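Student: got a predicted model here, sequence first, then my questions.
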Amino acid sequence: MMYTTYHLSSAQDINADILDAIKAAFKTKAITIIVEEDDADSLTAEMKAVLDERLDDADAEYVTAESSLNQLRQKYGV
(Lines give C-alpha, C1' and ligand atoms only; values in the text may rest on other atoms or scores of the structure.)
Protein backbone atom coordinates (compact mmCIF):
# COMPACT_ATOMS: atom_id res chain seq x y z
CA MET A 1 0.00 0.00 0.00
CA MET A 2 1.40 3.37 -0.97
CA TYR A 3 0.39 6.63 0.67
CA THR A 4 1.41 10.26 0.57
CA THR A 5 0.75 13.01 3.09
CA TYR A 6 0.53 16.67 2.13
CA HIS A 7 0.76 19.26 4.91
CA LEU A 8 -0.62 22.61 3.86
CA SER A 9 -0.64 25.80 5.92
CA SER A 10 -4.04 26.72 4.50
CA ALA A 11 -6.77 25.17 2.40
CA GLN A 12 -6.09 28.03 0.00
CA ASP A 13 -2.77 26.31 -0.86
CA ILE A 14 -4.58 23.50 -2.68
CA ASN A 15 -3.95 23.95 -6.38
CA ALA A 16 -3.76 22.06 -9.65
CA ASP A 17 -0.10 21.17 -9.01
CA ILE A 18 -1.07 19.07 -6.00
CA LEU A 19 -3.78 17.28 -7.95
CA ASP A 20 -1.35 16.68 -10.82
CA ALA A 21 1.20 15.25 -8.37
CA ILE A 22 -1.42 12.86 -6.95
CA LYS A 23 -2.42 11.76 -10.45
CA ALA A 24 1.21 11.19 -11.43
CA ALA A 25 1.99 9.22 -8.28
CA PHE A 26 -1.05 6.96 -8.29
CA LYS A 27 -1.82 6.82 -12.02
CA THR A 28 -4.94 4.66 -12.56
CA LYS A 29 -5.04 3.12 -9.07
CA ALA A 30 -8.09 3.63 -6.87
CA ILE A 31 -7.42 6.20 -4.15
CA THR A 32 -9.10 7.65 -1.07
CA ILE A 33 -8.67 11.30 -0.17
CA ILE A 34 -9.17 12.27 3.46
CA VAL A 35 -9.09 15.93 4.46
CA GLU A 36 -8.73 16.84 8.12
CA GLU A 37 -8.06 19.99 10.03
CA ASP A 38 -4.54 20.07 11.44
CA ASP A 39 -4.92 20.71 15.15
CA ALA A 40 -1.60 19.26 16.22
CA ASP A 41 -1.04 22.19 18.59
CA SER A 42 -4.08 21.42 20.71
CA LEU A 43 -4.34 18.84 23.46
CA THR A 44 -7.16 16.34 23.76
CA ALA A 45 -9.29 16.26 26.90
CA GLU A 46 -7.54 13.01 27.88
CA MET A 47 -4.09 14.59 27.50
CA LYS A 48 -5.17 17.57 29.62
CA ALA A 49 -6.53 15.25 32.32
CA VAL A 50 -3.22 13.34 32.51
CA LEU A 51 -1.27 16.60 32.77
CA ASP A 52 -3.61 17.87 35.49
CA GLU A 53 -3.12 14.62 37.44
CA ARG A 54 0.64 14.97 37.17
CA LEU A 55 0.48 18.54 38.45
CA ASP A 56 -1.21 17.18 41.58
CA ASP A 57 1.55 14.59 42.18
CA ALA A 58 3.60 15.04 45.31
CA ASP A 59 6.96 16.72 44.77
CA ALA A 60 8.62 13.76 46.51
CA GLU A 61 7.60 11.58 43.56
CA TYR A 62 9.05 13.99 41.00
CA VAL A 63 11.71 12.50 38.74
CA THR A 64 13.85 14.74 36.55
CA ALA A 65 14.12 14.03 32.85
CA GLU A 66 17.78 13.12 33.29
CA SER A 67 17.00 10.71 36.11
CA SER A 68 14.16 9.18 34.11
CA LEU A 69 16.46 8.60 31.13
CA ASN A 70 19.11 7.04 33.39
CA GLN A 71 16.52 4.64 34.83
CA LEU A 72 15.43 3.65 31.32
CA ARG A 73 19.06 3.09 30.29
CA GLN A 74 19.68 0.88 33.30
CA LYS A 75 16.48 -1.10 32.92
CA TYR A 76 16.37 -1.49 29.12
CA GLY A 77 19.88 -0.67 27.95
CA VAL A 78 18.58 2.20 25.88
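Tutor: That came through, no problem. Since the model is a prediction, treat every value here as computed from it, not as a measurement. Residues are numbered from 1 along each chain as shown.
Student: name the element residue 37 belongs to?
Tutor: Here residue 37 is covered by no helix or strand, with elements defined by DSSP states H and E.
Student: check what pLDDT it gets.
Tutor: Per-residue pLDDT puts residue 37 at 84.
Student: please tell me how far it sits from residue 1.
Tutor: For residue 37, the distance to residue 1 (Cβ to Cβ, to the nearest Å) stands at 24 Å. In this view, the C-beta of every residue, glycine as well, is placed from N, C-alpha and C.
Student: quick one: contacts of the worst-scoring helix or strand of the chain on mean pLDDT?
Tutor: Across the helices and strands of the chain, mean pLDDT, DSSP states H and E gives its lowest value to helix 45-55, namely a mean of 86. With Cβ atoms under 8 Å, 6 or more residues apart in numbering as the test, helix 45-55 has contacts from residue 43.
Student: mind doing that once more with 10 Å?
Tutor: Under the contact criterion Cβ atoms under 10 Å, 6 or more residues apart in numbering, helix 45-55 has outside partners 42-44, 61-62.
Student: for the residue of the chain positioned farthest from its centre, give me phi and psi.
Tutor: The C-alpha centroid of the chain is most remote from residue 60, which lies 31.8 Å away (Cα atoms, centre = their mean). Phi and psi for residue 60, reported as degrees, to the nearest 10, are phi -60, psi -20.
Student: from residue 69, how far off is it?
Tutor: The spacing between residue 60 and residue 69, counted by Cβ to Cβ, is 20 Å.
Student: same thing with residue 19?
Tutor: Distance check for residue 19 against residue 69: by Cβ to Cβ, it reads 46 Å.
Student: kindly report the same for residue 20.
Tutor: 46 Å.
Student: likewise residue 23?
Tutor: According to Cβ to Cβ, residue 23 stands 47 Å off from residue 69.
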